[in-house]
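>>> I'd like to go over a predicted model; first the sequence, then the structure.
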Amino acid sequence: MMSEFETEGRMWFRQILSEGEVSNLIKTCEMGDNPGLRIAAGGAVGVVLNEFEKLNEALNDISFATRPVRVVVFNKTASGNWSVPWHQDRVIAVAEKHDVSGFGNWSRKAGGWHCEPPVNILEEMLFVRIHLDEQDEANGAMEIALGSHKAGVLSAREIKDKIGDYHTEICSAARGDVLVLKMLLLHRSRPSSSRSPRRTLRVDYAADDLPLPMEWA
C-alpha cells in the first residue's frame, strides 16, 4: 500500500466516512451557494476533522503530514461551473508576510497571505479530498496524472510537454470517499455537464512548523 502511494502519488480510502460524518461536515461548512470558500483550519471544521478517527488513523499510517493547515470547500454546479488545466498546487496559506529566503510569489486571498514555499516543504505535504457528493466525469470529477509528483516543481511549459508521459485517472468517488494525494501531483478539473452538486472539502496537511518567523495561517 505504501509503495503504491509513493509511486503513484495517491491513495483511496473508500467509504471511510459515515453518512452521519459527511452530513455533519456539510452542516459545519455552511458554504451556501458559494462555488469556493476558504475556511479556518483551526475553527469548527478543524474540530470536526479531528473527530474522524478512521481517517486520522489512515493518514497517520501513510505520512507524517497529519496537521491540517488549509481548508477549502468547493461546490461545482451548473450555475457555479469552472475548469482548471493541468497544474500543481504550490501555494500555502501563512499567518503573515515575511522576507524569508525561499518563500515567494506572495498574494492576498480571502484576506489572508499566501505564498510559494521551498520545494522541500511541498514535497512533505499532502492534499486530501473529502467527497461530500458522488463525483464522476459528468459532474467534473478531478483528473490526476499518476506518478507526476516525482518530477518536482514544473513550469507551465514543462507540464504541457510532460503530461502525455503519464497515465491519468478520473477520480470518480462516492459520498464519504477520501482521496489522499502528494502535494505536487499534477491534476486538472473539467466543467460539469450535470445539474447535480459536486461538493468537495479539500484539506492541506503538513508535517512540521514553518521556519520562523513564518507560521501557518
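Everything's here; your move. In this text the structure is predicted, and so the values were computed from the model without any measurement.
>>> ok, and the closest non-adjacent residue to Asn139?
With CB to CB, 6 or more residues apart in numbering as the criterion, Asn139 has its nearest non-adjacent residue at 4.0 Å, and that residue is Ser194. Backbone N, C-alpha and C define where each C-beta goes, glycine included.
>>> ugh, typo on my part, it should be Arg108
Closest to Arg108 by CB to CB, 6+ apart is His114, at 7.3 Å.
>>> which residues does that neighbour contact?
Val91, Ile92, Ala93, Val94, Trp106, Ser107, Arg108 (CB atoms under 8 Å, 6 or more residues apart in numbering).
>>> So which of the residues you listed are in strands?
Among these, the residues falling in strands (DSSP state E) are Ile92, Ala93, Val94, Trp106, Ser107, Arg108.
>>> ok, so of these, who is nearest Ala41?
Proximity of the ones in strands among the contacts of His114 to Ala41 (CB to CB) peaks at Ala93, which lies at 8.2 Å.
>>> From Arg202, how far out is that closest one?
Counting by CB to CB, to the nearest Å, the gap from Ala93 to Arg202 is 12 Å.
>>> how about the helix or strand hosting Arg188: buried residues?
Secondary structure from DSSP states H and E places Arg188 in strand 187-189. Burial within strand 187-189, assessed by neighbour count using 16 or more other CB atoms under 10 Å, is assigned to His187, Arg188, Ser189.
>>> residue ranges with poor pLDDT in the chain?
Applying pLDDT under 70 to the chain flags residues 1-2, 30-37, 77-80.
>>> What segments of it are helices?
2-8, 19-29, 44-50, 53-62, 119-123, 156-162 (DSSP state H).
>>> With respect to Arg70, which of those helices lies nearest?
Of all the helices of the chain, helix 44-50 sits nearest to Arg70, with 10.7 Å by CB to CB.
>>> starting at the chain centroid, how far to the closest one?
16 Å (CA atoms, centre = their mean, to the nearest Å).
>>> Report the contact partners of Glu6.
Taking CB under 8 Å, 6+ apart as the definition, Glu6 has no contacts.
>>> What of Glu137?
Ile170, Ser172, Arg190.
>>> hang on, the earlier thing: could you dump the helices of the chain to CSV with distance to Leu132?
CSV is the format used below for the helices of the chain (distance: least, CB to CB, whole Å):
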stretch, distance to Leu132
helix 2-8, 23
helix 19-29, 6
helix 44-50, 12
helix 53-62, 14
helix 119-123, 26
helix 156-162, 29
